[in-house]
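**Student:** build me a model from this:
(2 chains)
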2 protein chains.
Amino acid sequence: MLDTMLNHRSIRNFRADTVNEKVLLEILNAGTRASTTGNMQVYSIIVTQDRQAREKLWEVHFKQNMILQAPLLLTFCADFNRFNSWCRQRKADPGYDNFLSFITASTDALLVAQNCALAAESHGLGICYLGTTVYNADKIIEILELPEAVVPVTTLVAGYPADNPALTDRLPVESVVHFEKYKEYKPEDINRSYAEKESSELTIKLLEENKLETLAQIFTEKRYTRKDNVYFSQKYLEVLDKQGFMRNVL
Amino acid sequence: MLDTMLNHRSIRNFRADTVNEKVLLEILNAGTRASTTGNMQVYSIIVTQDRQAREKLWEVHFKQNMILQAPLLLTFCADFNRFNSWCRQRKADPGYDNFLSFITASTDALLVAQNCALAAESHGLGICYLGTTVYNADKIIEILELPEAVVPVTTLVAGYPADNPALTDRLPVESVVHFEKYKEYKPEDINRSYAEKESSELTIKLLEENKLETLAQIFTEKRYTRKDNVYFSQKYLEVLDKQGFMRNVL
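**Tutor:** Purely as a prediction, here's the structure:
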């Protein structure tokens, strides 16, 4: 178990081999054993295998090649629709059209996603998460025909790896863990935390390519810019509103 | 690996035995191997072991006994503070004071949490997630002294189990999985999905105790009421705002 976790690397090149039904079912089954708020299971998993459907999702996930290569996409959704339907069929008035309920349901969905990711890896599959799910949630809702009270929160690309990339660097564990109280980072703590990352070959290559002075600037000016973040913040909040998760009123 | 997942049950009774440092470090280390957006690792883990500190957290987590019993609490936080500090020290202007950045960071934190949960279980520990983290995030921020750009998203209680509860029921896998498109639930699909849960001994006992007609009413009228959900929605949105994650403006 620990080995599977310690060996995790995101895979972005896949062989054409499909994932057989038994393996897929075991992955999904392991997913549903994750902890869930009040055992409500307020999530859904949408399985995409069809080539045309993958092409549509490829479009909205910024046309990343791996999406067409990999045989399997799993879109994890915060889902109160099923639970609400159950309530209404059972003379109960569901009060889950608010932000807290979205947070509850998205937490559920993300724990399930990580179980599925690890289950897939323990079956020899490679996975990659798609953050673009949040950026273009509106278009994914259209493609997958998600009803009110359902919002996509993340996507896993899965398939048999065509390469075996090196383990990605991580900050030292002590840089992300605090004992008893949050310990504010002094300048020298920041320097120590990011030293390995900043001196890596990959970083030096990126700085040359981007003609920038620091790795942090690559994040703020190229990868995750304020302008994009603000745009996608507004868009996702609109999606939450449209799907009925922002009626924070009695 | 799959066995650990399939055997998961939330543990709410713990022995007094502490978790030794080596095991704790292995759990935290496995956590940091989880996928993270752009390898930014925008999360922090706060470890609480001190008795007095656990008592303070017990207060804000609705005084659940297990919190005093268990030797270890892990609070997982969406954290852009460290990343922002790094950017500022490296002549980069961080644009992460918005809702998208909160979603990015909380996704990171939740994947780490599930890795830690499974790593703990693979070491023979029992765990339980605390949804109350979101309800009283403001008080947790005070207790753990979380700075701006840090918001708690979930908590794991961990320790050696004092009991071995039965596996909790789950909806049939086919009830939470959709192939290619979201399949809207017909009344008979809802009946089939919830049949096992509704006919369980636990449900029959709960209905008698609560003098209610349906299990769904126990959720809507007792456990997760509209009134509470609306109250905690507003409170958590205020926390996001106060911690600097709602400046969705250029």
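**Student:** tell me who's in contact with the spatially most central residue of chain A.
**Tutor:** Taking CA atoms, centre = their mean, the centroid of chain A lies closest to A:Thr154, which sits 3.4 Å from it. By CB atoms under 8 Å, 6 or more residues apart in numbering or on different chains, the residues touching A:Thr154 are A:Thr75, A:Phe76, A:Ala109, A:Leu110, A:Ala113, A:Tyr129, A:Leu130, A:Gly131, A:Thr133, A:Val134, B:Thr107. The way it works is simple: take the backbone N, C-alpha and C, and place the C-beta from them, glycine included.
**Student:** A:Asn39 now?
**Tutor:** Counting by CB under 8 Å, 6+ apart, A:Asn39 touches B:Thr168, B:Asp169, B:Arg170.
**Student:** scan those residues and report the most crowded one.
**Tutor:** Highest neighbour count within the contacts of A:Asn39: B:Arg170, with 17 neighbours (other CB atoms under 10 Å in any protein chain shown).
**Student:** distance-wise, check it relative to B:Ile11.
**Tutor:** 17 Å (CB to CB, to the nearest Å).
**Student:** re the thing from before, what is the nearest of the contacts of A:Thr154 to B:Asn84?
**Tutor:** The nearest member of the contacts of A:Thr154 to B:Asn84, counting by CB to CB, is B:Thr107 at 17.7 Å.
**Student:** in the host helix or strand of the closest one, what counts as buried?
**Tutor:** Element membership for B:Thr107, per DSSP states H and E: helix B:99-122. Using 16 or more other CB atoms under 10 Å in any protein chain shown as the test for burial, helix B:99-122 gives B:99-122.
**Student:** which of those residues come close to chain A?
**Tutor:** Contacts with chain A within the buried residues of helix B:99-122, as defined by CB under 8 Å from any CB of the partner chain: B:99-101, B:103-104, B:107, B:110-111, B:113-115, B:117-119, B:122.
**Student:** closest one of those to A:Lys91?
**Tutor:** For these, the residue nearest A:Lys91 by CB to CB is B:Leu110; the value is 33.7 Å.
**Student:** give me the number of neighbouring residues for A:Asp50.
**Tutor:** Neighbours of A:Asp50 using other CB under 10 Å come to 13.
**Student:** next one, pLDDT for it please.
**Tutor:** Note on A:Asp50: pLDDT of 97.
**Student:** ranges for the strands of chain A?
**Tutor:** Using DSSP state E, the strands of chain A run over A:43-48, A:72-79, A:126-130, A:150-159, A:177-179.
**Student:** which residues of chain A score low on pLDDT?
**Tutor:** Nowhere does chain A drop to pLDDT under 70.
**Student:** would you map the helices across it?
**Tutor:** A:2-6, A:21-31, A:51-60, A:66-69, A:81-89, A:99-122, A:132-135, A:137-144, A:173-176, A:187-198, A:201-210, A:215-217, A:226-242 (DSSP state H).
**Student:** just give me how far the third one sits from the chain centre.
**Tutor:** On the basis of CA atoms, centre = their mean, to the nearest Å, helix A:51-60 is displaced by 17 Å from the centre of the chain it belongs to.
**Student:** ok, A:Leu144 - contacts?
**Tutor:** So A:Leu144 contacts A:Ile46, A:Thr48, A:Thr75, A:Pro152, B:His178, B:Lys181, B:Tyr182 (CB under 8 Å, 6+ apart).
**Student:** what about the third one, distance to chain B?
**Tutor:** I take that to be A:Thr75. 9 Å (CB to the nearest CB, to the nearest Å).
**Student:** likewise the first one?
**Tutor:** From A:Ile46 across to chain B, the span is 5 Å (CB to the nearest CB).
**Student:** do the second one as well
**Tutor:** For A:Thr48, the distance to chain B under the criterion CB to the nearest CB works out to 6 Å.
**Student:** same question for the fourth one.
**Tutor:** In this structure, A:Pro152 lies at 10 Å from chain B, with CB to the nearest CB as the measure.
**Student:** how many neighbouring residues does that residue have?
**Tutor:** A:Pro152: 28 neighbours (other CB under 10 Å).
**Student:** related to what we said a few turns ago, out of the helices of chain A, deepest packed?
**Tutor:** Of all these, helix A:99-122 carries the top mean neighbour count, a mean of 26, counting by mean count of other CB atoms under 10 Å in any protein chain shown.
**Student:** using CSV, write out every CA atom in that helix.
**Tutor:** Provided in CSV are the C-alpha atoms of helix A:99-122 (Å, rounded to 0.1, in the frame of the first residue of the first chain):
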residue,chain,number,x,y,z
PHE,A,99,-22.4,26.3,-0.5
LEU,A,100,-21.8,24.0,2.5
SER,A,101,-23.5,21.2,0.6
PHE,A,102,-21.2,21.8,-2.4
ILE,A,103,-18.2,21.6,-0.1
THR,A,104,-19.5,18.4,1.5
ALA,A,105,-20.2,16.8,-1.8
SER,A,106,-16.9,17.9,-3.4
THR,A,107,-15.0,16.6,-0.4
ASP,A,108,-16.8,13.2,-0.8
ALA,A,109,-15.9,13.2,-4.5
LEU,A,110,-12.2,14.0,-4.0
LEU,A,111,-11.7,11.2,-1.4
VAL,A,112,-13.3,8.8,-3.8
ALA,A,113,-11.1,10.1,-6.6
GLN,A,114,-7.9,9.4,-4.6
ASN,A,115,-9.1,5.9,-3.8
CYS,A,116,-9.7,5.3,-7.5
ALA,A,117,-6.3,6.7,-8.4
LEU,A,118,-4.5,4.4,-5.9
ALA,A,119,-6.6,1.4,-6.9
ALA,A,120,-5.8,2.1,-10.5
GLU,A,121,-2.1,2.3,-9.8
SER,A,122,-2.1,-0.9,-7.7
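**Student:** which residue comes closest to A:Cys87 once chain neighbours are left out?
**Tutor:** Leaving aside its chain neighbours, A:Cys87 sits nearest to A:Pro94 (4.0 Å; criterion: CB to CB, 6 or more residues apart in numbering or on different chains).
**Student:** so what's that neighbour up against?
**Tutor:** Applying CB under 8 Å, 6+ apart, the residues near A:Pro94 are A:Phe80, A:Phe83, A:Asn84, A:Cys87, A:Arg88, B:Ala216, B:Thr220, B:Arg226.
**Student:** hang on, A:Lys197 packs against A:Ala216?
**Tutor:** No. Between A:Lys197 and A:Ala216 there is no contact under CB atoms under 8 Å: 10.1 Å.
**Student:** from chain B, how far off is A:Asn248?
**Tutor:** From A:Asn248 across to chain B, the span is 4 Å (CB to the nearest CB).
**Student:** stretch A:105-114 close to chain B?
**Tutor:** Yes. With CB under 8 Å from any CB as the measure, stretch A:105-114 is seen reaching chain B through A:Thr107, A:Leu110, A:Leu111, A:Ala113, A:Gln114.
**Student:** pick the one among those closest to B:Ser193.
**Tutor:** So of those, ranked by how close each gets to B:Ser193 (CB to CB), first place is A:Leu111, at 19.8 Å.
**Student:** tell me which residues touch the residue nearest to that closest one when sequence neighbours are not counted, please.
**Tutor:** Spatial nearest neighbour of A:Leu111, chain neighbours left out: A:Ala34 (4.2 Å); criterion: CB to CB, 6+ apart. A:Ala34 makes contact with A:Asp108, A:Leu111, A:Val112, A:Gln114, A:Asn115, B:Met5, B:His8, B:Gln114, according to CB under 8 Å, 6+ apart.
**Student:** who touches the third one in this structure?
**Tutor:** Yep, that's A:Val112 we're talking about. By CB under 8 Å, 6+ apart, the neighbours of A:Val112 are A:Gly31, A:Thr32, A:Ala34, A:Thr36, A:Tyr43, A:Ile45, A:Phe76.
**Student:** on that earlier part again, nearest to A:Gln52, of the contacts of A:Ala34?
**Tutor:** Closest approach to A:Gln52 among the contacts of A:Ala34 (CB to CB): A:Val112, at 26.2 Å.
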